[in-house]
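[1] Structure for this input, please:
(2 chains)
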Protein chains: 2
Amino acid sequence: MSLNDSRKTRALFLGFGNVGREVAKILFEEKQNYPKLKDLNISIVGIITKSHGSLVNQSGVDVPKALRDIRDLGRFSPSSPEFVALSGIEAVRQLDYDALVELTTLSIEERGEPALSHVREALGRGRHVVTANKAPAAFAYQELQDLARNRGVKFLHESTVMDGTPVFNLAKSGLKGCTIRGVSGVLNSTTNFVLSRMEQGESLEASVKVAQKEGFAEADPSHDLEGWDAAAKITVLANALMGASLTPFDVDRNGISLVTVEDAQKAIRSGKRLKLICKAWREDNTVKARVCLEEVEQGHPFAPIRESGSILMIETDLLAPFVITETDPTLRDTAYGVINDLLDLSAGENLP
Amino acid sequence: MSLNDSRKTRALFLGFGNVGREVAKILFEEKQNYPKLKDLNISIVGIITKSHGSLVNQSGVDVPKALRDIRDLGRFSPSSPEFVALSGIEAVRQLDYDALVELTTLSIEERGEPALSHVREALGRGRHVVTANKAPAAFAYQELQDLARNRGVKFLHESTVMDGTPVFNLAKSGLKGCTIRGVSGVLNSTTNFVLSRMEQGESLEASVKVAQKEGFAEADPSHDLEGWDAAAKITVLANALMGASLTPFDVDRNGISLVTVEDAQKAIRSGKRLKLICKAWREDNTVKARVCLEEVEQGHPFAPIRESGSILMIETDLLAPFVITETDPTLRDTAYGVINDLLDLSAGENLP
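    Here you go, the predicted structure:
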């Protein structure tokens, strides 16, 4: 299936939490503020949620009304003519759309489900997939890319790591001809934020509450604190950039649940900082990955990463190691990653 | 003119200094060490130099012999059957090739000549251009891109800024839909290296000598010390990423020639570092640029850049500011930028 500029990309949204709403807000309420978005022509033909109702309209859901209802009623209005009862997998199988935008949340215990089935099904039907959910790429990356290639569609996931800061797009066009030998970084905002505050003497529990209030820690922060979010991210990087076939269960994983204020302050006193570091490397013809709490020296490139920032170092055979740093991300940055992927679908070529 | 995988890209090299030799070495002597280069099929049909002789062979110059002769004789052997007397502009006009690889040195006083004429002529003939020379993009970026677009060919220059670290490729695919509001960074290796050593008490002259010995400062270091190299780099960034039509003469420019050891050490004593900072920003519907010696706080993202490293911050309308850092580059990194551009020509699409 090929899309061209003369018609709209019809998107099906699964999940409509913070990221989905921000994408919709940028594309349907604020688009005129962003001059380079003018050629992005998207119609949302369905928005399926688990607990806020679902909307379907083959000629395009009334997105401004949907956003208003979420703001005013906390859910889609059941009296809307677009309101339907449809599960995610039913929508993926039955509706007509060009691109599935998968924005449900990461599941570890369920090994990526139901997102993995949504993506597999959409690609199998020859539809593009854009996802901010790490699960599909963390649990079945090679299978899904093969399926996409066979069907002539794209499986894109820029915002799964470092929000919209270019990582996968960077590797695709910026590292042509390079073999990536290893990647490492500080990739989980919540744990970095919490560790930064514990250095100042605040307890883990109190720091988590602040992170939740600021909106980047989940209501259930255990995925972050136990290193699962970081493990999923390093898995996606290893799979997408190094050809691995790992799952988050293959990652040698530590979290920060057992760290004390005393630990964090002891590190600072000895001129170091505690960081939850993700790492993937090649060893014996295979790719290994770990998430590990480390004391890094003040001069280390990862030491200055503040609060909710992220940092990634990429090592290759042809190019000296280089580092990408994301500073002070907001929800808009994650939404932008999804929008960048949507632009990839609507343009035949990646133009500047 | 379109290239396909089944035949070679025929390249014409103008200039064969450190960068050209390194490109040739990687592609013709070491290629088997880089598995992802296996599909890059290049034939060099001409190598034109000003003072080391020139070689032409429509079925492909004997590159290993050319490299040996440069090593053993310091020049191409006049007894080689490939040896010719041909100027750069004659070669560009007369030879048959798919891509001009422009590797002559930056000229400021001559406003980019003769490189600018080489590139203009090649694009006008419908040939791709890959260049590591900042001059063409610094003196006539919009004209040359328009010409390339009209002729259906590419004008690529990844290694003009931060060697091969992805900058232009990153912006092309990683920042789709974003308007770049500003760029800033530390982009000249020689001045950063010299300032770092002056902080330790070494004189400007002695530090420059070390930089020359390490191979990244030119024999005539005045372009670096007076900020012209930095001015050319920020001009290329402003033109390519922000749609400007600047030349290096439009840049408000400082150098470091007048800096004393006392200045550098005074900065350090007050918890700061002296950095030669390049900056381009939008103001009143136009783009302005400057190169300025600044004292930055230790906590500033540019402060930790050591010796010959470079750093670039990009600010956009949709994505929070992010930073790319190049650590400890070597000649291979610049050569890689040229190779990445050559891969762009030989593949229809940018594959990972």
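
[2] Low-confidence regions, chain A specifically.
    Chain A contains residues with pLDDT under 70 at A:1-7, A:347-352.

[3] go with 50
    Low-confidence segments of chain A (pLDDT under 50): A:1-5, A:349-352.

[4] what comes into contact with the helix or strand harbouring residue A:146?
    Using DSSP states H and E, residue A:146 maps to helix A:135-151. The contact list for helix A:135-151 (CB atoms under 8 Å, 6 or more residues apart in numbering or on different chains) reads A:102, A:106-107, A:111-113, A:115-116, A:119-120, A:123-124, A:126, A:128-129, A:131, A:154-155, A:157, A:160, A:232, A:235-236, A:239-240, A:243, A:245, A:247-248. No exception for glycine: its C-beta is placed from N, CA and C like everyone else's.

[5] Equivalent analysis for stretch A:159-169, please.
    Identification of contacts with stretch A:159-169 by CB under 8 Å, 6+ apart yields A:19, A:131-134, A:137, A:156-158, A:187, A:233, A:236-237, A:240-241, A:310, A:312, A:324, A:326, A:329, A:333-341, A:344, B:170, B:173-176, B:318-320, B:322.

[6] and if you look at stretch A:285-296?
    With contact meaning CB under 8 Å, 6+ apart, stretch A:285-296 is reached by A:227, A:230-231, A:234-235, A:238, A:242-244, A:246, A:250-256, A:259, A:267, A:270, A:272-282, A:302-303.

[7] quick one: the helices in chain A?
    With DSSP state H as the criterion, chain A has helices at A:18-28, A:63-73, A:88-94, A:115-124, A:135-151, A:168-174, A:189-199, A:204-214, A:222-225, A:228-242, A:261-269, A:331-346.

[8] Could you save the ones you listed as TSV and add columns showing distance to residue B:85 and mean neighbour count?
    Formatted as TSV, the helices of chain A follow (distance: least, CB to CB, whole Å; neighbours: other CB atoms under 10 Å in any protein chain shown):
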stretch	distance to residue B:85	mean neighbour count
helix A:18-28	60	21
helix A:63-73	68	16
helix A:88-94	68	18
helix A:115-124	59	23
helix A:135-151	51	20
helix A:168-174	40	25
helix A:189-199	62	24
helix A:204-214	69	16
helix A:222-225	68	20
helix A:228-242	48	27
helix A:261-269	67	15
helix A:331-346	49	24
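
[9] Output those helices as TSV; include the columns distance to residue B:28.
    Output for the helices of chain A, formatted as TSV (distance: least, CB to CB, whole Å):
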stretch	distance to residue B:28
helix A:18-28	48
helix A:63-73	56
helix A:88-94	50
helix A:115-124	41
helix A:135-151	32
helix A:168-174	24
helix A:189-199	46
helix A:204-214	54
helix A:222-225	50
helix A:228-242	28
helix A:261-269	50
helix A:331-346	35
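
[10] Can you name the residues of the stretch 1-150 of chain A that neighbour chain B?
    Residues of the stretch 1-150 of chain A lying close to chain B by CB under 8 Å from any CB of the partner chain are A:26, A:33-37, A:40.

[11] If you rank those by neighbours, which is first?
    When neighbours are counted by other CB atoms under 10 Å in any protein chain shown, residue A:37 leads these with 23 neighbours.

[12] Now do the contacts for that residue.
    Shown in contact with residue A:37 (CB under 8 Å, 6+ apart): A:26-27, A:31, A:339, B:177.

[13] Look up how far residue B:157 lies from the residue nearest to residue A:35 when sequence neighbours are not counted.
    Nearest residue to residue A:35 in three dimensions, chain neighbours excluded: residue B:179, at 5.7 Å (CB to CB, 6 or more residues apart in numbering or on different chains). Separation of residue B:179 from residue B:157 (CB to CB, to the nearest Å) stands at 21 Å.
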